[in-house]
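A.B. asks: sequence first, then the predicted structure:
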Protein chains: 2
Amino acid sequence: MRVSLKDVAAHAGVSIKTVSNVVNNYQHVTPAMRERVQRSIDALGYQPNLAARHLRKGRTGIIALALPELGNPYFAELTASVIDAASQHDYIVLLDHTGGSRDQELLVSQGFRARVIDGLILSPIELRTEDLRDRDQDVPLVLLGERDYDLPYDHIAIDNVAAARDAVRHLVALGRREVAFIGARRDRSEPAQLRVRGWREELTAAGLPADEGLVAAVDGWGHADGARAMRHILDSGRRPDAVFAYNDPMAIGAMRVLHERGLRVPEDIAVVGFDDVIEGRFGAVTLTSVSPDKAAIGRLAVESVLARLGNDAPEPRRIWADYQLVERESTLGRPGAA
Amino acid sequence: MRVSLKDVAAHAGVSIKTVSNVVNNYQHVTPAMRERVQRSIDALGYQPNLAARHLRKGRTGIIALALPELGNPYFAELTASVIDAASQHDYIVLLDHTGGSRDQELLVSQGFRARVIDGLILSPIELRTEDLRDRDQDVPLVLLGERDYDLPYDHIAIDNVAAARDAVRHLVALGRREVAFIGARRDRSEPAQLRVRGWREELTAAGLPADEGLVAAVDGWGHADGARAMRHILDSGRRPDAVFAYNDPMAIGAMRVLHERGLRVPEDIAVVGFDDVIEGRFGAVTLTSVSPDKAAIGRLAVESVLARLGNDAPEPRRIWADYQLVERESTLGRPGAA
DNA sequence: CTGAAAGCGCTTACAG
DNA sequence: CTGAAAGCGCTTACAG
């Protein structure tokens, strides 16, 4: 049998309340009493039953993190930072993955998947504004990634348009004139749209054509999709002198294709990715990439969701995280190399 | 206010028990009654309180998965497969990460981190046999990764020694004679020891010296550690003609160093990794790797832990998952290339 | 500073 | 086939 508060109380010869006081570290317990109770707790090996505590308090101590894809190392790194931030507040993290499908994202946002949670951090890819309008849930929701609409939820993001512009500006500054974009979507994924917009705005600002023939759409978000998109562009007879990819896995997939075709990076084609995943730092050609402050994003997400648990929850707002463009060999070339 | 069973019962004009029967899909409820109750459930938007249900039933519907590192894509892919398998059984997954430290692994195994769980899947790196001997917990534990000892827990693993031997045999069959091993440990990590053992056994079986001067120890498990180990070997004046790495990130880190030093893979040095992560398929040189059946491992882990929840739990046992050696450019060279 | 009691929202024998 | 009641193990006002 499991040891309960009652057992400890009987063993120590005190009331349940007193044991509870000791367990919860309430003040106003005499040291002598505290020690006597603690001895019984140790003797019986008592561990509190969290289900009971949660039922009583209405809190579970769990927040859910719902991600589109665990395979993408960006999300793995983000998850680590969320877990760390949560544990600072004695919270644990339930992980769910949506596969980036709108249906699954909807289910998660409505609370139909993880249900024993105090709060939810959701990183949607395909979810639309209207999908969240009639969310009928009292569980606090915090969105990861930039949203371009007004909804009563916090969203933590870096400025995608500005970051994309920085990436393109870097390429233009290096003398590149035909910059392709890999990773547009046929569906209306917001993050992809924002990065395409940054690409377009910056080219236009530089007086260069934003050639839609150099925008390659993809179906997934991985290496293989980037490779396919790169092949598509080259097979169409185009030969851009730079590629800006939606994320690092796609950029790396594209670089593999360039390698197979005998094109040199960056001499023939410069490449910039997004997310700055570890893998980009160890290829034969290291990858220039937009590097979001993942630790900050994880921390801000946890703090935002926990802040909504109280009664005096702040107004929902957009919270910007930092980013920087990390320049590496895929645009600068190999230092010291010919 | 939250809608409870009682509210639904009042609304429908029936007893709580009847509502519960409907919610839980018990038989022996007349269709008419079922519909009437369902209408009230819909009208009020009732959602069961899981904390209460769990308190009553003694189950939480949550299993914890504790991993050393999320950054390693192998674990990310494994996590996805555990989540999928769990959701098949209506279970959700709590994620914890230990950083691969023995202390954290101990805390997790003793139930001091995630505590609202029905079962625990733990992938230890540094945990010792004796650490688990006096585990005083009724929460079922299943270990991931091969263990070389007898403990009353299931462990799911591929045969590390055999897999390492396959990798080395492949290299030897290609004519390589000086095979380095990257990723030994100063501490006594079991998985690393098993793979070193496979390396040693196979070389010996092939009549080649298992030269301990070609074994490089590391402190971490990532790209940078592999790079450091590779540099260490080369700087010591050794020039092996093959490298077998503990895992893919280390292999890729090592390849980066070989590239920097102007050594060609596989012409000068062939490389084999372990885990077959996606990243290995898209480098400038694709990576030959031992590929464990991750989907099977996730599924077996979930099934094992859930099987222990009942009263007639099976005997603890070692469960083998499949693997295969996937041969790519890092040993075979580029098909069609000079 | 400590105790007795109510109640969180369910499920489960037990009646009927 | 449905209802009334007990109880899972806590915490929290409320007394004293």
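C.D. replies: Perfect, I can see it now.
A.B. asks: my guess is A:L208 meets A:R177, correct?
C.D. replies: Yes. Applying C-beta atoms under 8 Å, one finds A:L208 in contact with A:R177, separated by 6.1 Å. (Glycine included, C-beta is placed from N, CA and C.)
A.B. asks: looking at chain A, which residue is nearest chain B?
C.D. replies: A:A284 (3.8 Å; C-beta to the nearest C-beta).
A.B. asks: that residue touches B:R256, doesn't it?
C.D. replies: Yes. Counting by C-beta under 8 Å, A:A284 touches B:R256, with 7.1 Å between them.
A.B. asks: those two - which one has more neighbours?
C.D. replies: Counted by other C-beta atoms under 10 Å in any protein chain shown, A:A284 and B:R256 do not tie: B:R256 has more neighbours, with 23 against 20.
A.B. asks: gap between that one and DNA strand C?
C.D. replies: Distance, B:R256 to DNA strand C, by C-beta to the nearest atom of the strand, to the nearest Å: 55 Å.
A.B. asks: now name the helix or strand holding that residue.
C.D. replies: Applying DSSP states H and E as the criterion places B:R256 in helix B:248-260.
A.B. asks: packing partners for that helix?
C.D. replies: helix B:73-88, strand B:179-185, helix B:223-235, strand B:242-245, strand B:270-274 (3 or more C-beta pairs under 8 Å, 6 or more residues apart in numbering or on different chains; DSSP states H and E).
A.B. asks: need these in a markdown table (columns: mean neighbour count).
C.D. replies: Output for the helices and strands packed on helix B:248-260, formatted as a markdown table (neighbours: other C-beta atoms under 10 Å in any protein chain shown):
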| stretch | mean neighbour count |
| --- | --- |
| helix B:73-88 | 22 |
| strand B:179-185 | 25 |
| helix B:223-235 | 22 |
| strand B:242-245 | 30 |
| strand B:270-274 | 29 |
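A.B. asks: how about the residues of the stretch 151-300 of chain A near chain B?
C.D. replies: A:222-223, A:227, A:249, A:252-253, A:255-256, A:259, A:278-279, A:281-285 (C-beta under 8 Å from any C-beta of the partner chain).
A.B. asks: ok, now with 10 Å
C.D. replies: A:222-224, A:226-227, A:249, A:252-260, A:265, A:277-286 (C-beta under 10 Å from any C-beta of the partner chain).
A.B. asks: picking that back up, which residues do A:A284 and B:R256 both contact?
C.D. replies: Counting by C-beta atoms under 10 Å, 6 or more residues apart in numbering or on different chains, the contacts common to A:A284 and B:R256 are B:G283, B:A284.
A.B. asks: coming back round to it: tell me which of the helices and strands packed on helix B:248-260 sits nearest to DNA strand C.
C.D. replies: helix B:73-88 (19.4 Å; C-beta to the nearest atom of the strand).
A.B. asks: tell me the angle that closest one makes with helix B:248-260.
C.D. replies: For helix B:73-88 against helix B:248-260, the angle by axes from the mean of the first three to the mean of the last three C-alpha atoms, to 10 degrees is 150 degrees.
A.B. asks: helix B:73-88: how far from the chain's middle?
C.D. replies: 8 Å (C-alpha atoms, centre = their mean, to the nearest Å).
A.B. asks: with stretch A:49-65 instead?
C.D. replies: The chain centroid and the centroid of stretch A:49-65 are separated by 24 Å under C-alpha atoms, centre = their mean.
A.B. asks: which SS class is A:R36?
C.D. replies: A:R36 falls in the helix class when you classify it by DSSP: H, G, I helix; E, B strand; the rest coil.
A.B. asks: count residues in the vicinity of it, would you?
C.D. replies: Other residues close to A:R36 by other C-beta under 10 Å number 17.
A.B. asks: now do A:R334
C.D. replies: Quick note: A:R334 (other C-beta under 10 Å) scores 15 neighbours.
A.B. asks: quick one: contacts for it?
C.D. replies: A:P266, A:E267, A:A284, A:V285, A:T286, A:R328, B:H259, B:E260.
A.B. asks: how near is the residue lying closest to A:E178 once chain neighbours are set aside to A:L258?
C.D. replies: Leaving aside its chain neighbours, A:E178 sits nearest to A:P240 (4.2 Å; criterion: C-beta to C-beta, 6 or more residues apart in numbering or on different chains). From A:P240 across to A:L258, the span is 11 Å (C-beta to C-beta, to the nearest Å).
A.B. asks: what do the two both touch?
C.D. replies: Residues touching both A:P240 and A:L258 (C-beta under 10 Å, 6+ apart): A:M230, A:L234, A:D268, A:I269.
A.B. asks: tell me the pLDDT of the last one.
C.D. replies: It stands for A:I269. On the pLDDT scale, A:I269 is placed at 98.
A.B. asks: could you check how far it is from DNA strand C?
C.D. replies: 59 Å.
A.B. asks: hmm, back to that, can you list the buried residues in the helix holding B:R256?
C.D. replies: B:D248, B:P249, B:M250, B:A251, B:I252, B:G253, B:A254, B:M255, B:R256, B:V257, B:L258, B:H259 (16 or more other C-beta atoms under 10 Å in any protein chain shown).
A.B. asks: so the last one touches B:S330, yeah?
C.D. replies: No. With the criterion set as C-beta atoms under 10 Å, B:H259 and B:S330 do not qualify as a contacting pair; they are 11.6 Å apart.
A.B. asks: so what sits against both of those two?
C.D. replies: Shared contacts of B:H259 and B:S330 (C-beta under 10 Å, 6+ apart): B:V265, B:G283, B:V285.
A.B. asks: what residues are bridge-paired with the residue nearest to A:I158 when sequence neighbours are not counted?
C.D. replies: Of all residues not flanking A:I158 in the chain, A:Y323 sits nearest, at 4.2 Å (C-beta to C-beta, 6+ apart). On the basis of DSSP bridges, A:Y323 is bridged to A:P292.
A.B. asks: how many residues are close by A:Y323?
C.D. replies: Quick note: A:Y323 (other C-beta under 10 Å) scores 23 neighbours.
A.B. asks: residues contacting it?
C.D. replies: A:157-160, A:162-163, A:166, A:274-276, A:290-294, A:296-297.
A.B. asks: again, only this time at 6 Å
C.D. replies: A:I158, A:A163, A:V290, A:P292 (C-beta atoms under 6 Å, 6 or more residues apart in numbering or on different chains).
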